[in-house]
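Peer 1: Predicted coordinates and the sequence they were generated for:
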Amino acid sequence: MRIVVNGQQAFGKAVLEALLERGEDVVAVYCAPDKEGRPVDPLKEAALQHDLPVFQPASFKDPAAVEEFRALKPDLGVMAYVILFVPEEFLNVPTHGTIQYHPSLLPKHRGPSSINWPIIQGSTKTGLTIFWPDNGLDTGPILLQKEVDIGPDDTLGSVYFDKLFPLGVEAMLESVDLVRDGKAPKVVQDEGQATYESWCKGEDVEIDWSRPAPEVYNMIRGANPQPGAWTRHAGAVLKIFESTRVEGEGKPGEVIAVDGDGFTVAAGGGAIQVHRVRPEGGKKDSAGAFAGEAGLKQGDVLG
């Protein structure tokens, strides 16, 4: 099959290289337009290293972009982390259609921050879906799904990089095989089970220390490393990353312990021991070092 990879960043690169490594006929690569002042996208860089033609349309709705794609005579489109909207007119050009990766168990957690929200909401499982995209947002029929556990101390980073990223590359290859063999299903999503969450932004992850400690901990985990859950110290934003849920008592937001390893903050029915932070205008640092430099002491109140 003549395959066209459409994506960006490290995941797009990994999918491309996995397809090439096993001898697939990748005839072109599509990726996001270059941005001034930013490094070359890893997928584009990998495509150029393999002497593959690279296309970077500003919009996939442009009729010229559709005709350019049609001229490649693709059999299958493989979308690996695509943020621009791709209309059905473009998706349906390949003879076998287009498949796409999404890091949740659709129809749950449609939307762009589908790894953050299950962790923030306290889920113990999530997964990935390879589906047939349409003009909706993550609404097309399901081809294949893989489930993963969310451990009690997993973060956005660990769930993605240790689980959904490598498993996603494998699932893409498996899906290509199913398409080639004529065995790829198209299971309509159950709209009754559908959920949607938009981008997980900074305003969504301000810590309310009066909330139950498990909820506070889930928010910190689900926003680590991006966008970073935050509170305030001395009026300035303080982002909190690595942390541990521990026993402890105090007023919400009260610093109940400070030592060389970090500091501990009281929340509803428990406490959070903070290990790594980033102060406003600064770099990530150990919470212990920050406490020493900022004069954070037992009895101070965050928030």
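Peer 2: Looks like it arrived, so ask away.
Peer 1: Please count neighbours and contacts with C-alpha atoms only from this point.
Peer 2: OK.
Peer 1: Give me the buried positions along the host helix or strand of residue 175.
Peer 2: In this assignment (DSSP states H and E), residue 175 forms part of helix 165-180. Neighbour counts using 16 or more other Cα atoms under 10 Å place 165, 167-169, 171-173, 175-176, 179 of helix 165-180 among the buried residues.
Peer 1: Distance to residue 124 for those - can I get that in CSV?
Peer 2: Formatted as CSV, the buried residues of helix 165-180 follow (distance: Cα to Cα, whole Å):
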residue, distance to residue 124
165, 18
167, 17
168, 19
169, 22
171, 21
172, 24
173, 26
175, 26
176, 29
179, 31
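Peer 1: Looking at those, spot the one nearest residue 28.
Peer 2: Closest to residue 28 out of the buried residues of helix 165-180 is residue 176 (16.0 Å), distances taken as Cα to Cα.
Peer 1: Please report how far the closest one lies from residue 7.
Peer 2: 16 Å (Cα to Cα, to the nearest Å).
Peer 1: Kindly tell me how buried residue 291 is, as a neighbour count.
Peer 2: Neighbourhood size, residue 291 [other Cα atoms under 10 Å]: 18.
Peer 1: where does residue 146 land on pLDDT?
Peer 2: Model confidence at residue 146, given as pLDDT, is 98.
Peer 1: Wasn't it part of a strand?
Peer 2: Yes. Under DSSP: H, G, I helix; E, B strand; the rest coil, residue 146 falls within a strand.
Peer 1: For it, give its distance to residue 196.
Peer 2: 19 Å.
Peer 1: same question, residue 289
Peer 2: 39 Å.
Peer 1: now residue 87, nearest residue through space, not along the chain?
Peer 2: Excluding its sequence neighbours, the residue lying closest to residue 87 (Cα to Cα, 6 or more residues apart in numbering) is residue 135, at 5.6 Å.
Peer 1: In terms of residue numbering, what are the domains of this structure?
Peer 2: 2-193, 202-294 (automatic domain parsing).
Peer 1: Residue 302 is nearest to which of the ones you listed?
Peer 2: Of all these, domain 202-294 comes closest under Cα to Cα, at 4.8 Å.
Peer 1: Just the terminal-to-terminal distance for the closest one.
Peer 2: Terminal-residue distance, domain 202-294 (Cα to Cα): 23 Å.
Peer 1: Offset the numbering so it begins at 661, please.
Peer 2: All set: I'll call the first residue 661, so the last point we hit is now domain 862-954.
Peer 1: What average pLDDT does that domain get?
Peer 2: 97.
Peer 1: chain center to stretch 725-737, what's the gap?
Peer 2: 28 Å (Cα atoms, centre = their mean, to the nearest Å).
Peer 1: buried ones in that stretch?
Peer 2: Those would be 725-726, 729, 734-737, for stretch 725-737 by 16+ other Cα under 10 Å.
Peer 1: And stretch 942-961, by the same measure?
Peer 2: Neighbour-count burial for stretch 942-961 [16+ other Cα under 10 Å]: 946-951, 956-957, 961.
Peer 1: Which of those fall in helices?
Peer 2: Using DSSP state H, 947-951 are the members of the buried residues of stretch 942-961 that sit in helices.
Peer 1: and residue 916, what does it touch?
Peer 2: 908-910, 923-926, 958-959 (Cα atoms under 8 Å, 6 or more residues apart in numbering).
Peer 1: Residue 786 too?
Peer 2: 764-765, 775, 778, 807-810.
Peer 1: Among these, which lie within helices?
Peer 2: residue 778.
Peer 1: I'd like a version of the contacts of residue 786 in TSV, one that adds neighbour count as further columns.
Peer 2: Listed next are those as TSV, based on neighbours: other Cα atoms under 10 Å:
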residue	neighbour count
764	26
765	22
775	25
778	21
807	15
808	16
809	13
810	20
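Peer 1: which ones are touching residue 734?
Peer 2: So residue 734 contacts 661-664, 687, 753-755 (Cα under 8 Å, 6+ apart).
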